[in-house]
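[1] Just to be clear, the model below is a prediction. Sequence and coordinates:
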Amino acid sequence: MSSKSAVIRREIAIIAIVVALGVGILGGWFIPSPISETRTPLLDQIIARGELIVGTSADYPPFENKTFPGGVIIGFDIDVSEMIADEIGVTLEMVDIPFDSLIAACRAGTIDMIAAAMTYTEERAESIAPSTTYITVSQTIIAKNDSGYTISSINDVTSYIVGVQTGTVMYEELGPDGLDMQVGVELIVYDNANDLMVALDGGGIQLAYVDEPVYTAWSKAYDLEVLFSTGSDSLALWTMHGEPEFLYEINKVIFDSYQDGSILTLMDTWFG
């Protein structure tokens, strides 16, 4: 693809996101809360405590990972969360939680928001409330470089031993509710992306199925190649249902960041 075509596609994608953001944020004004008026809105609780508590799974660079040494959580999602905290006028507190435990933590009120490169799905939206799309990504089938493997469609992965991270849409696509690959034999499930990449590099699995920016980040440490890419999926930030005031603030920050270009600066910083 020519650089001019790539720029045009990016501009079209950005325009589409901004239009969708505008519709979503305006629609938020007219969504009534199912919670009693006697409740204390989550937004008010956040302001009162002076802190926005955001859950993530800090093993998924460049979206989120920990520095070494120090263990500070950094990444694209953290910078987006910081913009939301700044808009509300509070400090940001990031909490590292296993990916498949994030939804339960959000529903329980342990965290105020999830920022973990979490793809929008209707099933997830039944449990927790999604923001409008803040970024779209492709999923990629990757292998060690010069593997000699051939993947021309997602169905081809059933001929290999594939690794995925638990709780992800990639697991859903290949697991019992998707291609029905045999877990533990054909499909190896890992708690975090670090272990997934170590297994791929060490030969414990032949392929890994991850978000494209994650491949880009890990390819700096491991000799990897992309064998197949899917279409783009929408990522959302998430909070508990019945909190329209807080959800409005999240969506407003996303919308404004596309309008003023600040989120594009973050994309260039973290994704290149």
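    Yep, that arrived. Please read all numbers here as calculations on a predicted model, not as lab measurements. Residues are numbered from 1 along each chain as shown.
[2] Show me the domain layout of this structure.
    3-136+233-271, 139-232 (automatic domain parsing).
[3] which of the ones you listed has the lowest average pLDDT?
    Lowest mean pLDDT within the domains of the chain: domain 3-136+233-271, at a mean of 87.
[4] Compute the first-to-last residue distance for stretch 95-109.
    13 Å (C-alpha to C-alpha, to the nearest Å).
[5] contacting residues around it?
    For stretch 95-109, contacts defined as C-beta atoms under 8 Å, 6 or more residues apart in numbering pick out 53-58, 60, 66, 73, 110-111, 113-114, 116, 118, 124, 127-128, 165-168, 191-192, 238-240. No exception for glycine: its C-beta is placed from N, CA and C like everyone else's.
[6] picking up where we left off before, could you redo the domains of the chain as CSV and give each row mean neighbour count?
    Shown next, in CSV, are these (neighbours: other C-beta atoms under 10 Å):
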stretch, mean neighbour count
domain 3-136+233-271, 17
domain 139-232, 18
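[7] that older thread, among the contacts of stretch 95-109, which are located in helices?
    Those of the contacts of stretch 95-109 mapping onto helices are 124, 127, per DSSP state H.
[8] Return the subset of the contacts of stretch 95-109 lying in strands.
    Of those, the ones assigned to strands by DSSP state E are 53-56, 60, 66, 73, 113-114, 116, 118, 165, 238-239.
[9] got the contact list for the residue nearest the centre of the chain?
    Centroid-nearest residue in the chain: Ala117, 0.8 Å away (criterion: C-alpha atoms, centre = their mean). Counting by C-beta under 8 Å, 6+ apart, Ala117 touches 60, 63-64, 77, 137, 211, 214, 235.
[10] Please repeat the previous calculation with a cut-off of 7 Å.
    Going by C-beta atoms under 7 Å, 6 or more residues apart in numbering, Ala117 touches 60, 63, 77, 211, 235.
[11] The chain: strands as residue ranges?
    Using DSSP E, strands in the chain cover 51-56, 59-60, 64-66, 73-74, 91-96, 113-119, 129-130, 135-144, 162-165, 187-190, 207-211, 224-239.
[12] With respect to Glu82, which of those lies nearest?
    Nearest to Glu82 among the strands of the chain is strand 91-96 (5.2 Å), distances taken as C-beta to C-beta.
[13] Strand partners (parallel or antiparallel) of the closest one?
    With DSSP bridges as the test, strand 91-96 is paired with strand 51-56 (parallel).
[14] relative to strand 113-119, how tilted is the partner strand?
    Angle of strand 51-56 versus strand 113-119, following axes from the mean of the first three to the mean of the last three C-alpha atoms, to 10 degrees, is 30 degrees.
[15] Could you list the residues in contact with strand 51-56?
    46, 64, 73, 77, 81, 84-85, 88, 90-97, 102, 105-106, 111-116.
[16] Can you give the distance of it from its chain's centre?
    15 Å (C-alpha atoms, centre = their mean, to the nearest Å).
[17] and what of stretch 46-66?
    Distance, centroid of stretch 46-66 to centroid of chain: 12 Å (C-alpha atoms, centre = their mean).
[18] send the alpha carbons of it over as CSV?
    Extracted C-alpha coordinates of stretch 46-66, given in CSV (Å, rounded to 0.1, in the frame of the first residue of the first chain):
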residue,chain,number,x,y,z
ILE,A,46,-14.5,10.0,42.3
ILE,A,47,-14.4,13.8,42.8
ALA,A,48,-15.0,13.4,46.6
ARG,A,49,-12.1,11.0,47.0
GLY,A,50,-9.9,13.0,44.6
GLU,A,51,-8.8,9.9,42.8
LEU,A,52,-9.8,7.9,39.6
ILE,A,53,-9.2,4.2,40.1
VAL,A,54,-8.6,2.4,36.8
GLY,A,55,-8.0,-1.3,36.4
THR,A,56,-5.8,-2.7,33.7
SER,A,57,-3.8,-5.9,33.0
ALA,A,58,-0.2,-4.6,32.9
ASP,A,59,1.3,-7.2,30.6
TYR,A,60,0.1,-5.9,27.2
PRO,A,61,2.5,-3.4,25.7
PRO,A,62,2.2,-0.8,24.2
PHE,A,63,-1.3,-0.5,25.7
GLU,A,64,-0.1,-1.2,29.3
ASN,A,65,3.0,-2.7,30.9
LYS,A,66,5.3,-2.2,33.9
